[in-house]
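Q: no FASTA, just this:
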């Protein structure tokens with residue numbers, strides 16, 4: 001048995017899906033909230049709740065703006081979020097016996 005711990009912020013299934021999706025984007029790339037919602041097949045309220053928790057941990061950056069008169073919300077993984085996800089995936093590998 002190993003004493004590797006998984007980040008509880010990322011470990012929740014929905015937040016893991018959010019972070020994994022954002023990590024697949026390039027560094028400093030962002031995605032529109034409705035697009036992320038569609039990709040993850042989550043309700044707006046559920047996604048917002050998980051994004052809030054990730055934002056509190058400084059793992060995501062939420063940018064609210066306007067395009068013309070239409071409000072727009074964008075989400076991107078912060079450097080801290082990207083590093084936390086890399087640490088999380090490495091910890092999983094260790095727990096599964098694939099790497100140290």
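A: Received the coordinates, thanks. Please read all numbers here as calculations on a predicted model, not as lab measurements.
Q: Let me see the contact set for the residue positioned nearest the centre of the chain.
A: The residue lying closest to the centre of the chain (CA atoms, centre = their mean) is residue 19, at 2.3 Å. Contact analysis of residue 19 by CB atoms under 8 Å, 6 or more residues apart in numbering lists 10, 54, 59, 60, 77, 81, 84, 85, 88. Heads up, the C-betas are built off the backbone N, CA and C, glycines and all.
Q: my guess is the first one contacts residue 16, does it?
A: In this case it means residue 10. Yes: counting by CB atoms under 8 Å, residue 10 touches residue 16, with 5.6 Å between them.
Q: any shared contact partners between the two?
A: Common neighbours of residue 10 and residue 16 (CB under 8 Å, 6+ apart) are residue 88.
Q: Can you tell me which helices and strands the helix or strand harbouring residue 39 packs against?
A: In the assignment (DSSP states H and E), residue 39 maps to helix 33-40. Applying 3 or more CB pairs under 8 Å, 6 or more residues apart in numbering; DSSP states H and E, we find helix 33-40 packed against helix 13-23, helix 44-56, strand 70-77.
Q: Could you list the paired strands of the shortest one along with their orientation?
A: Looking back up the chat, that one is strand 70-77. Strand 70-77 sits in its sheet next to strand 31-32 (antiparallel), strand 60-67 (antiparallel), going by DSSP bridges.
Q: for these, which one ends up most surrounded?
A: Stretch with highest mean neighbour count among the strands paired with strand 70-77: strand 31-32 (a mean of 16; mean count of other CB atoms under 10 Å).
Q: before we move on, the earlier item: mind giving me TSV with the helices and strands packed on helix 33-40 and columns for mean pLDDT?
A: As requested, those are exported to TSV (pLDDT from 0 to 100):
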stretch	mean pLDDT
helix 13-23	97
helix 44-56	98
strand 70-77	96
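Q: Buried deepest among those, which one?
A: helix 13-23 (a mean of 18).
Q: That one to helix 44-56, inter-axis angle?
A: Here helix 13-23 points in a direction 70 degrees away from that of helix 44-56 (axes from the mean of the first three to the mean of the last three CA atoms, to 10 degrees).
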